[in-house]
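Undergrad: here is a sequence with its predicted model. Questions after.
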Amino acid sequence: MFLEVQNVTKVFRSSENEKPIVAVKDLSLSVPRGEFLCILGPIGCGKSTLLNMIAGFERPTKGRILLEGKPITGPGPDRVMVFQEETLFPWMTVLENIRFGLRFKGLSEEETEEEARRYLSLVGLEKFGDFRPHELSGGMKRKAELARALALNPKLLLMDEPLSSIDAISKMSLLQEILSIWEKSRKTIVYVTHNIDEALFLADRIIVLTARPAQVKREVVIHNPKPRDLLGSEMIDLKRQLIEELAQSHALEEHVLTPG
């Protein structure tokens, strides 16, 4: 299996006097190469913590995570994260942002330029290479960050709610862009979201998590061909089921936080 999360628990301790926070508990999942997996769960359930452990930014308290059979012990070039927050360098142009990471791959200046422009074209920003981030719309910034991540040619692309700050109209355009890029590259993608429509539109498979501490509540394999009509009867039925799943998780969390 390409990626394996094996019985992972993550506990945060802010101080000796405060009660530890269990963010993830005994969670296991596997991801085959080339799959587009969406991890869906309520806000604050531990989705991002799980993604940070896969990225190597956090270490599991218990259990282990394997990529191609090798334990993940820290960040590495085989995994690249597209964060929820904007991460473009504001003093650089879009093209310079993409070239910055490519320099660490040992490419010549000519190769770096060629690769950067190729990925700009892939996300439809070939005319905006000389623009700085503040001159771009929110959607265009997301595209630029995606181009920068893809240019590093990682084995695994991790996306942490990348469209949470994007308006509805731009979001649909970006979802189509992400899907188009995945179909061309067939990268293995793990995409974290609390937005059901995003998951239904993109995923080969959806892992639904419980409220914190995160555990796997349900696995949904979607066989409908992409791109999908989210207004079709099958998608509406599935969306209704997922809404109920998340509502139950939220209700359980409320009960735990405010016991009677």
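TA: Thanks, I have it. Numbering: from 1, shown residues only.

Undergrad: contacts and neighbour counts: CA atoms only from here.
TA: Fine.

Undergrad: which stretches of the stretch 151-260 of the chain have low pLDDT?
TA: 249-260 (pLDDT under 70).

Undergrad: how about the helices in it?
TA: Taking DSSP state H, counting those that start in this stretch, the helices of the stretch 151-260 of the chain run over residues 168-185, 196-202, 233-257.

Undergrad: so where do the strands sit in the stretch 101-250 of the chain?
TA: According to DSSP state E, counting those that start in this stretch, the stretch 101-250 of the chain carries its strands in the segments 156-160, 188-193, 205-209, 216-221.

Undergrad: tally of neighbours for A151?
TA: Residues near A151, counting by other Cα atoms under 10 Å, number 20.

Undergrad: spatially nearest residue to it (excluding sequence neighbours)?
TA: Distances taken as Cα to Cα, 6 or more residues apart in numbering place Y119 nearest to A151, at 6.1 Å, with adjacent residues excluded.

Undergrad: state the number of residues packed around the one you found.
TA: There are 23 residues near Y119, going by other Cα under 10 Å.

Undergrad: neighbours of F89, how many?
TA: 14.

Undergrad: which helix or strand contains the nearest residue to it once chain neighbours are set aside?
TA: Spatial nearest neighbour of F89, excluding adjacent residues (Cα to Cα, 6+ apart): N97 at 6.5 Å. According to DSSP states H and E, N97 maps onto helix 94-102.

Undergrad: could you pull out the buried residues of that helix?
TA: V94, L95, E96, N97, I98, R99, L102 (16 or more other Cα atoms under 10 Å).

Undergrad: then it to CSV, C-alphas only?
TA: Output of helix 94-102 as CSV, limited to C-alpha atoms (Å, rounded to 0.1, in the frame of the first residue of the first chain):
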residue,chain,number,x,y,z
VAL,A,94,4.2,34.4,-9.1
LEU,A,95,6.9,32.9,-11.4
GLU,A,96,9.6,33.6,-8.7
ASN,A,97,7.5,31.9,-6.1
ILE,A,98,7.4,28.7,-8.2
ARG,A,99,11.1,29.0,-9.2
PHE,A,100,12.1,29.3,-5.5
GLY,A,101,11.3,25.7,-4.6
LEU,A,102,12.6,24.3,-7.9
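
Undergrad: what sits up against it?
TA: 88-89, 112-113, 116-117, 120, 128-133, 144, 147-148, 151-152 (Cα atoms under 8 Å, 6 or more residues apart in numbering).

Undergrad: could you rerun that using 7 Å?
TA: 88-89, 112-113, 116, 129-133, 144, 148, 152 (Cα atoms under 7 Å, 6 or more residues apart in numbering).

Undergrad: just stretch 166-174 next, same as before
TA: Contacts of stretch 166-174 (Cα under 7 Å, 6+ apart): G138, G139, L163.
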